[in-house]
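Participant: Based on what follows, work out the 3D shape:
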Amino acid sequence: MNNYKLTILYDGTNYSGWQYQKNSVSIQHIISEAINKIINEKINLIGSGRTDAGVHALGQVANFLSDKVLNCNSFKYSLNAVLPKDIAVNRVESVNKNFHSRFDAKKRTYIYLFSKNKSPFYDLYSYNYKPIFDYDLSKMNDVSKLLLGQKDFSSFCKKKSEVENKICNLTEIKWYRKNDFIFFLITSDRFLHGMVRTIIGTLLETAKKNFDKDFLQSIIESKDREEAKEAVPAKGLFLFKVRY
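Facilitator: Model prediction:
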C-alpha cells in the first residue's frame with residue numbers, strides 16, 4: 001500500500017468547508033472525486049483538520065492510501081488539470097505508510113487578514129474593519145499573550161462541538177500591521193470548531209472597550225461560549241501552515 005501526502009491551497013468562498021457534508025459541496029469531496037477520476041480507485045482523503053465554510057487555505061495537508069504506484073509530479077499535474085480553479089495542489093509526496101495528516105500534525109498556524117480600504121480585489125479574502133487601525137496593537141499583543149499555553153478553550157468554540165476535550169496548547173499569537181493591512185497569527189497543537197474566529201472577535205471587543213487582561217481571563221475561566229464575543233467573518237481566515 002502506498003501513501004501520498006498533498007499540500008493544498010484553496011479559496012473556500014464557494015464551499016461548505018473542508019469536510020464532507022450532506023447536501024453541500026466540500027473541498028474534501030471535490031479533491032477525492034478528482035483523484036478517483038485520475039487513478040480509477042476509490043480513496044479516503046484525510047485532512048490535517050477541518051476548515052469552516054468560507055475559510056481559505058495556503059497550506060492544508062491531506063493524505064490517502066492507494067494500491068497504485070504514482071509518479072508524484074505527473075499526478076500533481078493531472079490533478080490540477082482536473083480540479084476547479086479555486087483549488088490547487090502545490091505538492092505531492094510519497095510518504096511512509098504510517099503517516100497520518102491529522103494525527104501526526106504537531107502544530108497548526110492560521111492567519112487572519114484585515115484590510116483598511118474597500119477593494120473588490122480584497123473583499124473575498126479580508127475583513128474590511130477600519131476601527132482596528134486605530135487600536136493599540138502593542139496592547140492587543142500584550143493582552144493576547146494571556147491565551148498562550150495549555151488551557152481549556154470551551155468559551156471560544158461552538159456550543160455543539162463534537163469534541164469533549166477542549167484543551168489546546170497555544171504557542172504563538174501575534175498582531176502586526178503592514179501598510180494598509182493588519183495580520184493576526186495564531187499557532188496551536190489543535191483548534192476547536194470556530195475557535196480562531198471567536199478568539200479574534202473577543203480580542204477586538206477587548207481592544208474596542210479598552211478592557212484589560214482581567215476581562216479576557218474571566219471569559220476563559222467561564223468556559224461558556226456566551227461570555228465570548230461574536231466571531232469575525234470567515235472570509236479573512238487562512239489555514240497557513242501545518243507542521244509535523
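Participant: wouldn't residue 78 be in contact with residue 38 here?
Facilitator: Yes. Under the criterion of Cβ atoms under 8 Å, residue 78 makes contact with residue 38 at 5.1 Å. Just so you know, the C-beta spots here come from the backbone N, C-alpha and C atoms, and that holds for glycine as well.
Participant: Common neighbours of these two, please.
Facilitator: Counting by Cβ atoms under 8 Å, 6 or more residues apart in numbering, residue 78 and residue 38 have no contacts in common.
Participant: what comes into contact with the one helix or strand residue 89 maps to?
Facilitator: Secondary structure from DSSP states H and E places residue 89 in strand 87-95. Strand 87-95 has contacts (Cβ under 8 Å, 6+ apart) with 2-11, 27, 30-31, 59, 63, 70, 72-73, 75-76, 79-80, 83.
Participant: And stretch 64-80, by the same measure?
Facilitator: 1-4, 6, 31-32, 34-35, 38-39, 41, 43-46, 88-89, 91-94, 97.
Participant: run the last query once more with 10 Å
Facilitator: 1-8, 31-32, 34-35, 37-46, 87-94, 97, 99, 101 (Cβ atoms under 10 Å, 6 or more residues apart in numbering).
Participant: rewinding a little: tell me which of the contacts of strand 87-95 fall in strands.
Facilitator: Among those, the members found in strands (DSSP state E) are 2, 3, 4, 5, 6, 7, 8, 9, 10, 59, 63.
Participant: Show me what the last one bridges to in the sheet.
Facilitator: In this structure, residue 63 has beta-bridge partners residue 5, residue 46, where bridges are defined by DSSP bridges.
Participant: dump the residue contacts of it.
Facilitator: 3-6, 43-48, 93, 95, 97, 99-102, 104.
Participant: Go again with 8 Å.
Facilitator: With contact taken as Cβ under 8 Å, 6+ apart, residue 63 is in contact with 3, 4, 5, 6, 45, 46, 95, 99, 100, 101.
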